[in-house]
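[1] predicted coordinates and the sequence they were generated for:
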There are 2 protein chains.
Amino acid sequence: MARAPTTFDPFNAVAEPKRRQLLEVLGTSELAVNDLVEQLGWTQPMVSKHLGVLKQVGLVSERRVGRQRLYRVNAEALKPIYDWVTPFEQLWRERFERLDQLLQNLQEEQKNVRKK
Amino acid sequence: MARAPTTFDPFNAVAEPKRRQLLEVLGTSELAVNDLVEQLGWTQPMVSKHLGVLKQVGLVSERRVGRQRLYRVNAEALKPIYDWVTPFEQLWRERFERLDQLLQNLQEEQKNVRKK
DNA sequence: TTGACATATTCCCATATAGGAATATAATAC
DNA sequence: GTATTATATTCCTATATGGGAATATGTCAA
């Protein structure tokens, strides 16, 4: 078996750095393909192809206006990623907090040493 | 150019569902390869290979004890994913909040209608 | 040393990619 | 209808993959 297709789920779609960049540029606005071409500096087919992948996994939605197609981010489609990664965030935050505590304790001890 | 290698960054490493599953099973514990083989029900080479990818991107760390190798999650390596996805979480949460607000307003209106 | 156990590596293949170039489709304007 | 603009699709290729099977490496125990 090969790797899961990029259109399999948001994880695979967003693994490609360019597609993350595209979503960032899109942000909260609604942009036509040519706007994205200009802002990203990529070729038009490249932008269209990446948009195609993002659309297939529901990460962007498309609205046709005249000969333009306006795209916007559908942020909710990123929820599975957020939900998956968040529990792990607890882990490293706890570690940092323990480290902070440790450093503070050491500082306290140093103060006491100097006082003597 | 082909797709970025799975060892390119945490995004690509974690795009594979099995590797996410492996990290989940690992959780906060430190497990030997055979423990993982048993818990996951995969073949031993498959577990070793996925661990190899995860290790290359720093998502797990390895400690050798006798003939065993104990692995644990290095959660901080997931921080780039967390940091990237979190701003988007704002977007869909705001949308939900606006929706909630809208629904509440509608309920209020209904009450007033009935009073008349 | 030899065997048993724990883990990693190699070889194989079908499959999907991202990018470039060229071309197709679709909608508007004249 | 024809030209023009906006966008999508097709064809190409190099490259990496995940899984299976077989094998190699490394470590302990008798």
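    Yep, it's here.
[2] when you work out contacts or count neighbours from here on, use the C-alpha atoms and nothing else.
    Noted.
[3] let's check: the centremost residue of chain A is which one?
    A:R20 (5.8 Å; Cα atoms, centre = their mean).
[4] and the pLDDT for A:D100?
    A:D100 is assigned a pLDDT of 69 by the prediction.
[5] what angle separates the longest helix out of those in chain A from helix B:79-115?
    Using DSSP state H, we find that the single longest helix of chain A is helix A:79-115. Angle between the axes of helix A:79-115 and helix B:79-115 is 120 degrees (criterion: axes from the mean of the first three to the mean of the last three Cα atoms, to 10 degrees).
[6] briefly note if helix A:79-115 comes near chain B.
    Yes - counting by Cα under 8 Å from any Cα of the partner chain, chain B has neighbours in helix A:79-115: A:79, A:81-82, A:85-86, A:88-89, A:91-92.
[7] nearest to DNA strand C among those residues?
    Among these, A:I81 lies closest to DNA strand C (Cα to the nearest atom of the strand), at 17.5 Å.
[8] burial count for the residue in chain A that DNA strand C sits nearest to?
    Here the residue of chain A nearest DNA strand C is A:G66; by Cα to the nearest atom of the strand that distance is 3.0 Å. Using other Cα atoms under 10 Å in any protein chain shown, the number of residues around A:G66 comes to 7.
[9] repeat that for A:E16.
    18.
[10] coming back round to it: other SSEs contacting the longest helix of chain A?
    helix A:10-15, helix B:79-115 (3 or more Cα pairs under 8 Å, 6 or more residues apart in numbering or on different chains; DSSP states H and E).
[11] now that helix: how far from the chain's centre is it?
    Put simply, helix A:79-115 sits 25 Å off its chain's centre (Cα atoms, centre = their mean, to the nearest Å).
[12] how about stretch A:74-91?
    10 Å.
[13] please apply the same query to stretch A:33-46.
    20 Å.
[14] and A:L54, how far is that from chain B?
    15 Å (Cα to the nearest Cα, to the nearest Å).
[15] so that residue makes contact with A:A13?
    Yes - using Cα atoms under 8 Å, A:L54 is in contact with A:A13, at 6.5 Å.
[16] shared neighbours of those two, anything?
    Both A:L54 and A:A13 are in contact with A:7, A:19, where contact means Cα atoms under 8 Å, 6 or more residues apart in numbering or on different chains.
[17] can you list the domains in chain A?
    For chain A, the structural domains run A:10-75, A:78-115, going by automatic domain parsing.
[18] pull out the buried residues from the shortest one.
    Right, the one you point to is domain A:78-115. Of the residues in domain A:78-115, A:78-79, A:81-82, A:85-86, A:88-89, A:91-92 count as buried by neighbour count, 16 or more other Cα atoms under 10 Å in any protein chain shown.
[19] close to DNA strand D: what parts of chain A are there?
    A:1-4, A:32-35, A:44-49, A:51-52, A:67-70 (Cα under 7 Å from any atom of the strand).
[20] now, these that are in helices?
    The members of the residues of chain A next to DNA strand D that map onto helices under DSSP H are A:33-35, A:44-49, A:51-52.
[21] just the buried members of the residues you listed?
    A:33-34, A:47, A:51-52.
[22] most widely separated two among those residues?
    Across those, the longest distance by Cα to Cα is 14.6 Å; it joins A:N34 and A:G52.
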